[in-house]
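Chemist: I'd like to go over a predicted model; first the sequence, then the structure.
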Amino acid sequence: MSVLLAGPRVRLRERLSSFDAQAAGAEMHALVRELYPLCRSITGDGLRRSLRLLQRVAPLRLHEVPSGTQAFDWTVPREWNLHGARLVGPDGAVVVDAARSNLHVLGYSVPFQGTLSLEELQPHLHSLPDRPTLVPYRTSYYRDDWGFCLSHEQREALMPGEYQVCVSSTLAPGSLTYGELLLPGSSESEVFLSAHCCHPSLANDNLSGMVLAATLARLLEGVALRYTYRFLFAPGTIGALVWLASHEEQLGRIAHGLVVACVGDSGQLTYKRSRRGAAEIDRAVEHVLAHSGQPYSVRDFAPYGYDERQYCSPGFDLPMGSLTRTPYAEYPEYHTSADTPELVRPDRLADSLLRYLEVIEVLEGNRSYVNLSPKGEPQLGRRGLYEPVGGHSHAAASQMAMLWVLNLCDGTRSLLDVAERAKLPFREVAVAAEALCAASLLAVGPRP
Amino acid sequence: MSVLLAGPRVRLRERLSSFDAQAAGAEMHALVRELYPLCRSITGDGLRRSLRLLQRVAPLRLHEVPSGTQAFDWTVPREWNLHGARLVGPDGAVVVDAARSNLHVLGYSVPFQGTLSLEELQPHLHSLPDRPTLVPYRTSYYRDDWGFCLSHEQREALMPGEYQVCVSSTLAPGSLTYGELLLPGSSESEVFLSAHCCHPSLANDNLSGMVLAATLARLLEGVALRYTYRFLFAPGTIGALVWLASHEEQLGRIAHGLVVACVGDSGQLTYKRSRRGAAEIDRAVEHVLAHSGQPYSVRDFAPYGYDERQYCSPGFDLPMGSLTRTPYAEYPEYHTSADTPELVRPDRLADSLLRYLEVIEVLEGNRSYVNLSPKGEPQLGRRGLYEPVGGHSHAAASQMAMLWVLNLCDGTRSLLDVAERAKLPFREVAVAAEALCAASLLAVGPRP
Amino acid sequence: MSVLLAGPRVRLRERLSSFDAQAAGAEMHALVRELYPLCRSITGDGLRRSLRLLQRVAPLRLHEVPSGTQAFDWTVPREWNLHGARLVGPDGAVVVDAARSNLHVLGYSVPFQGTLSLEELQPHLHSLPDRPTLVPYRTSYYRDDWGFCLSHEQREALMPGEYQVCVSSTLAPGSLTYGELLLPGSSESEVFLSAHCCHPSLANDNLSGMVLAATLARLLEGVALRYTYRFLFAPGTIGALVWLASHEEQLGRIAHGLVVACVGDSGQLTYKRSRRGAAEIDRAVEHVLAHSGQPYSVRDFAPYGYDERQYCSPGFDLPMGSLTRTPYAEYPEYHTSADTPELVRPDRLADSLLRYLEVIEVLEGNRSYVNLSPKGEPQLGRRGLYEPVGGHSHAAASQMAMLWVLNLCDGTRSLLDVAERAKLPFREVAVAAEALCAASLLAVGPRP
């Protein structure tokens, strides 16, 4: 695991206030374009090179897990590398060629060379009758098979006759690669962010998540943090399982977590709750979204989707949700050749990143406090915290935030509890708490 | 109590899949017609003969409880038998005659013979000003009285003059009759089904319930059952109280129960919750109705209606609801001469019966399970439980059911919990659990 | 504290049934008119004279708390008395004069005499740009200042030139005055009603509350009460704090409480919940409002408004809500010269008073009961509590109330629980409980 060296620390709020959304969006999008052509899979050089590209953004450390390694009910498969794949028609014309798009080859195709009739070929073809112009993304990790993916239009136009198949790939003992980065905070308690990295030329799913997570790590570098932040870049399912299996005794440290995926499309932000449903991470994300001023949606956990399937399996039940834009499988370009870098918008990447930062702001600041002057209101005016002329209809927003903090902070409630009850943005409540602490009217409470 | 002899046992799901709704509906309706003319009351030969007719369907055993027997705050009254009742007008014409409809006589009328002026007669007449063509059903079980019920139209047309009254009835020490049937299951825990049998010529209330309960008993005969099923056919209130009083030490065995009534009219199914409100029977019935594909309604318990008033009194508080079609007193024909066999429809009887069977299917199958491979998902594909080609947007329904079962079955949740959380029909979840048990990925949990 | 002498006691229900709303409304309104011109503040003779006027209605006892007395974080200020205040313009015309309306002078203005340019004067002027014809109510209790309040129209028309200012006031050691009244009940447990008395010529806020509370005290005089009733008439904030500080060891006796304010305007009744949110007082008031047959609103506690800010501070957390008509700051006349006796309507004062009485009726009658015949229904007919002829569709309302009480009263529920569950007015349920107690079917339960 890689640990960033600490320089002089800045406060998270300062880092947030200097956040340049436009620059961040442009930079993330450029990286998505660069990563796009690589032929990623759950193992292999495409995955390895992608992780190395991310190292330009944040110093993640690469780990290699040998084929055959056991991870609970699963085994790390042989390493797959694709050297070329081409289907040539009866007329000698190239039907599809992996060199044009790595989506054209069924992921983990075994090597194959031969001539087949169209009828014999059909079981090896994959297309989408309901979206006939798009090429689907298909894999066969755990059953030896080869195949081609193509548009349904093209498939329908295939002439009878003999087809020449050439899949040049290697499936051999090797290793599964994942990247990891640790930003130490003042506590060993961790916030865990996980992005899957196994999809080939699909931009939103999940180059967007990979670059967002890496950029988030870079932004948190040098910030004085309460929690330790762990970033995992790993192939889906088997990568998450391999990491879980090798870190089982440390999982108790994970206080909050998010699966980072599909964060660049133009859809609204969507939060999928953890299996627990009302964990602090769930409440923090929902609070941030509710105060984002944008439409958003929240849904309950379901055992389908990304690696929350593993993290939230009953044997772990980690407090991890998933913050995406349009969720898993709900945009028409999902898992097809239409999930290109054009589907991903720089401003949406930046907006997603900002919300991740705001969630972290809530987690970092969410403590319980105790009102040190709990009998009646303390005389705020005397301390310059309340306007001297009385009789007005409404208190200023900052005064209201202070009154809420004073009223509710009896040691049993967190600041997020206060913000939710007061229907105020977390930051306003946090600023009020700081002012009251400075005036010795409030102190950090016994709860962590 | 009567116990059906066990032959070779079939699975409930097979019995359900071979259920012939049309035949069952026709058969039940024929029995309603046959029962209709009998003059039932809370005691007497009409009740006795009705129960004997039900024995043609299921081998219930009849019990006789002597007049004067104490049941909590109540006493079994003298046995009532009606031999005839006739009201003759000043012109010598018969106004009403119990021989035409037993509704014409006030239930439990004491014998009386005499001549009265119309004015003297009026307090003994019962009619419905708001439904002037219908004859109401009225009783006077616990105050000595006699009377006639007639349509308000007819009552309004009565001429002044002398009326001859002849009520020929006997009220004498005898007994109250009830029928009971027990289908033993592998557990002593009971599912209790109770139908009131005391109403005279009223078809939906409650010949429909009586024939449904008897037919349900017959359908469960020979089925391998987890619970023991108890069926009670008894007069309302006093019958239920007598049964409760004589089975008080066994009431703890009642795990779930339903009051069966008004199950043949064309209204939508309605479930009235138990007093507990969220007992397993409440959840099971609501689940079945929610997945029935038909409109339905659910309402909270109220201390009015049928014998749930007794079963759910605070001294018993049994987990019993009532599954009816149009509920108690909410259809215009209720407790009038319009509640005829024509109001009851064979297809609605069969539909109601099917829902009772589905409720039983849920109760029988509702266990807790434990995922034996709880850390991450087990590799279902390796076991042929998951399709080998990956990348599709959605999992097949059967796979989703398996994923839900694996994710939620940590021993704390029942299959009904899983079905509700997953918004899947119970049967799909139960089939998934069976498949996972067969693959040694799941085991029955510690909870009963 | 003052204690009313007990004469022969009447039942609260009798007092309620003889309540003459019209007379009460007229009387309360007349007192509002009489109190209106007095120059009240948080100390001083205007406050003292106002409390003495209330003694005509109910024998509250006046308490004097010396300047300098400490109350938690606060100190009783010097006593303020205003002898006159006048602002004369460059043309010698009187701009404003406190003799015309005491709102014209900034509350707690220090004495000042001088000549100022318009520019120098402006920081001492207070007006409402958004409501330009109204004079605002402003104070400066805790910072030495003087000032005038005037309409924004008038302020805008002020000519440049020299203004003569004369504020003739005294700020000197003296005392803060509050009034208190105690009506002893059979229990030491208290119902606490608090009205703030510090506002000068503002009728709805809070002469309406002062006269309602005093009239309520008079109406409860001579009633056989379960709770002890405490009425506090005190200046806002500092008065409540002074009282809390001097009664701290008795606060545990306060079982329920209400802040009485803004009860005379034509808006709908509004209940602001206690900080606890579901205290018995909250449920009682909401029940009364729900059955009032009038529109109303309920809102959660917020740490702004009247003296619930102090009573519900976390160090006390008293079960006190606030029952008003249009709430704090939500009517346009609020804290302005438009809050005159004309804004207050006799019939609304009487309606508010009636609801306070009904709330007290609920609190007084809300006990837990135990069904003494809990197994099945007791035979109500035998006791004349149920009609003898059976078969009707619906039970009479009084019978339904009895069935609900019998079904739910197992010692764990209060009558208010029963009324809420049964959706019946509390009084119906209370009458049913009395009838059942008289029939020895019900007894007062173990809970208080």
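Modeler: Here it is on my side, so go on.

Chemist: C-terminal to the host helix or strand of A:Ile360, what's the next element?
Modeler: Assigned by DSSP states H and E, A:Ile360 belongs to helix A:346-365. Scanning forward in sequence from helix A:346-365 by DSSP H and E, the next helix or strand is strand A:368-371.

Chemist: thinking again about what came up before, now the helix holding A:Ile360 - C-alpha only, CSV.
Modeler: Extracted as CSV, the C-alpha positions of helix A:346-365 are listed here (Å, rounded to 0.1, in the frame of the first residue of the first chain):
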residue,chain,number,x,y,z
PRO,A,346,-16.2,17.4,-17.9
ASP,A,347,-18.6,19.5,-15.9
ARG,A,348,-20.5,16.4,-14.7
LEU,A,349,-17.2,14.8,-13.6
ALA,A,350,-16.4,18.0,-11.7
ASP,A,351,-19.9,18.1,-10.1
SER,A,352,-19.6,14.5,-9.0
LEU,A,353,-16.2,15.2,-7.5
LEU,A,354,-17.5,18.2,-5.6
ARG,A,355,-20.3,16.1,-4.1
TYR,A,356,-17.7,13.4,-3.0
LEU,A,357,-15.7,16.2,-1.4
GLU,A,358,-18.8,17.5,0.4
VAL,A,359,-19.7,14.1,1.6
ILE,A,360,-16.1,13.9,3.0
GLU,A,361,-16.6,17.3,4.6
VAL,A,362,-19.7,16.0,6.4
LEU,A,363,-17.9,12.8,7.6
GLU,A,364,-14.9,14.7,8.8
GLY,A,365,-16.9,17.3,10.7
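
Chemist: shaky segments in chain A?
Modeler: Residue ranges of chain A with pLDDT under 70: A:1-7, A:447-448.

Chemist: got phi/psi on A:Val32?
Modeler: Here is the backbone geometry of A:Val32 (degrees, to the nearest 10): phi -60, psi -50.

Chemist: surely it and A:Ser208 touch.
Modeler: Yes. Using CB atoms under 8 Å, A:Val32 is in contact with A:Ser208, at 6.4 Å. (C-beta placed from N, C-alpha, C; glycine too.)

Chemist: so what sits against both of these two?
Modeler: Contact criterion CB atoms under 8 Å, 6 or more residues apart in numbering or on different chains; residues shared by A:Val32 and A:Ser208: A:Gly264, A:Val344, A:Leu349.

Chemist: who wins on neighbours among these?
Modeler: When neighbours are counted by other CB atoms under 10 Å in any protein chain shown, A:Gly264 leads the shared contacts of A:Val32 and A:Ser208 with 35 neighbours.

Chemist: that residue and A:Arg348 touch, don't they?
Modeler: Yes. The criterion here is CB under 8 Å, and A:Gly264 meets it with A:Arg348 at 5.4 Å.

Chemist: can you give me the helices for chain A?
Modeler: Taking DSSP state H as the test, the helices found in chain A are A:12-17, A:21-35, A:45-54, A:118-121, A:152-156, A:209-220, A:238-246, A:280-290, A:308-311, A:346-365, A:397-408, A:415-422, A:426-438.

Chemist: now for the fifth one, which elements pack on it?
Modeler: Here helix A:152-156 touches no other helix or strand, going by 3 or more CB pairs under 8 Å, 6 or more residues apart in numbering or on different chains; DSSP states H and E.

Chemist: A:Leu16: neighbouring residues, count only.
Modeler: A total of 16 residues lie near A:Leu16 under the criterion other CB under 10 Å.

Chemist: state the distance from the residue nearest to it when sequence neighbours are not counted to chain C.
Modeler: Distances taken as CB to CB, 6 or more residues apart in numbering or on different chains put A:Leu357 closest to A:Leu16, at 5.7 Å, once the chain neighbours are dropped. A:Leu357 sits 30 Å away from chain C, going by CB to the nearest CB, to the nearest Å.

Chemist: before we move on, what about A:Thr228?
Modeler: Noted for A:Thr228: a distance of 33 Å to chain C, by CB to the nearest CB.

Chemist: residue contacts, that residue?
Modeler: A:Thr228 is in contact with A:Leu182, A:Leu183, A:Pro184, A:Gly185, A:Ser187, A:Glu188, A:Ser189, A:Glu190, A:Val191, A:Arg253, counting by CB under 8 Å, 6+ apart.

Chemist: so A:Phe72 makes contact with B:Gly376?
Modeler: Yes. Contact criterion CB under 8 Å: A:Phe72 and B:Gly376 qualify, at 5.0 Å.

Chemist: of these two, who's got more company?
Modeler: Legend: neighbour count by other CB under 10 Å for A:Phe72 and B:Gly376, higher for B:Gly376 (27 against 20).

Chemist: A:Leu116 contacts A:Tyr163, correct?
Modeler: Yes. The pair A:Leu116 / A:Tyr163 is scored as a contact, 5.4 Å apart, by CB under 8 Å.

Chemist: what about A:Pro173, neighbour count?
Modeler: The tally of other residues near A:Pro173 (other CB under 10 Å) stands at 11.

Chemist: can you tell me how far it is from C:Arg283?
Modeler: Going from A:Pro173 to C:Arg283 by CB to CB, to the nearest Å gives 70 Å.

Chemist: list the contacts for the residue in the stretch 1-150 of chain A that chain C sits nearest to?
Modeler: The stretch 1-150 of chain A approaches chain C most closely through A:Arg13 (25.1 Å), counting by CB to the nearest CB. For A:Arg13, the contacting residues are A:Glu361, A:Arg427, by CB under 8 Å, 6+ apart.

Chemist: residue contacts, A:Gln294?
Modeler: Neighbours of A:Gln294 in contact, by CB under 8 Å, 6+ apart: A:Gln268, A:Leu269, A:Asp351.

Chemist: and for A:Leu424?
Modeler: A:Ala397, A:Met400, A:Ala401, A:Trp404, A:Val418.

Chemist: what of A:Pro388?
Modeler: By CB under 8 Å, 6+ apart, the contact list for A:Pro388 reads A:Gly381, C:Ser140, C:Tyr142, C:Arg143, C:Asp145.

Chemist: grab the most central residue of chain A for me.
Modeler: Taking CA atoms, centre = their mean, the centroid of chain A lies closest to A:Val260, which sits 0.6 Å from it.

Chemist: thinking that one is in contact with A:Thr215, fair?
Modeler: No. Between A:Val260 and A:Thr215 there is no contact, the gap being 10.6 Å when judged by CB under 8 Å.

Chemist: how about the residues of the stretch 251-400 of chain A that lie near chain C?
Modeler: A:371, A:373-379, A:381-382, A:388-395, A:400 (CB under 8 Å from any CB of the partner chain).

Chemist: which ones among the residues you listed map onto strands?
Modeler: A:Asn371 (DSSP state E).

Chemist: please indicate which of the residues of the stretch 251-400 of chain A next to chain C are buried?
Modeler: By neighbour count, with 16 or more other CB atoms under 10 Å in any protein chain shown, these hold A:371, A:373-379, A:381, A:389-391, A:395, A:400 as buried.
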